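Q: Give me a model of this one.
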Amino acid sequence: MLLVGKFLSGLTRIASLIGTFCIGLMMLHVTADVIGRYLFNAPLTGTIVIVGHYYMIIVVFMALGVAEEKGAHISVEFLTDMMPKSVQGWLSVFSGVLTVAVFALLAISGYFEAMKKTKYGASIEQGSDMITIWQSYWAIPIGAALMALIAAYKIVVALTGSQNGLHETLEDAEIINE
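A: Numbering: from 1, shown residues only. Now for the predicted structure:
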């Protein structure tokens, strides 16, 4: 189980690097567009489409697995904190099962949508240019599947009492939850 957790942590590190790279590219792209628009009266064609259909989608969906690994999703625990630890544990498993179900469905439907968009070569007209966007549809099933896998792994670890192997540390959880 430990090796599975380390493997999943490796995948989240890759997803985090991809998201970070896209944020950097987005900043450079938007800055170049603003400079081109206001200093040279020559904006970059398709900036809005590329930012909205590539950078933002990749950043959001690649971050899902990272947030799940670190336990960084928003949670409200005012009722569950008053319950016994055993009930809290079972509620945690139950919420994990719901998370896996929802994100597995999102991954599956996202996969079929990405296949359809790839088959038809989805693109958007921007000015006189056509910008292909079918590639960005693949970030949705990849990010959702990563989150579902990590949530499922956390359920198995919770039920078996195995070593985790994920890079979520107590320090990470305390910093994130403050």
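
Q: Do you have the strands of the chain handy? List them.
A: Assigned by DSSP state E, the strands in the chain fall at 123-126, 129-132.

Q: for those, which one sits closest to residue 115?
A: Smallest distance to residue 115 across the strands of the chain (C-beta to C-beta): 15.4 Å, for strand 129-132. In short, each C-beta sits where N, CA and C put it, glycine included.

Q: strand partners of that closest one, parallel vs antiparallel please.
A: Sheet pairing of strand 129-132 (DSSP bridges) gives strand 123-126 (antiparallel).

Q: ok now the partner strand, how far from the chain's centre?
A: How far strand 123-126 lies from its chain's middle: 25 Å, per C-alpha atoms, centre = their mean, to the nearest Å.

Q: do stretch 33-48 as well
A: Per C-alpha atoms, centre = their mean, the displacement of stretch 33-48 from the mean C-alpha position of its chain is 30 Å.

Q: Endpoints of it, how far apart?
A: Using C-alpha to C-alpha, to the nearest Å, the end-to-end distance of stretch 33-48 comes out at 10 Å.

Q: What's the mean pLDDT across that stretch?
A: The average pLDDT for stretch 33-48 rounds to 92.

Q: OK, contacts around residue 163?
A: By C-beta atoms under 8 Å, 6 or more residues apart in numbering, the contact set of residue 163 is 1, 2, 5, 157.

Q: so what secondary structure elements neighbour the longest helix along the chain?
A: As assigned by DSSP state H, the longest helix anywhere in the chain is helix 2-39. When contacts are defined as 3 or more C-beta pairs under 8 Å, 6 or more residues apart in numbering; DSSP states H and E, helix 2-39 packs onto helix 47-50, helix 56-70, helix 139-160.
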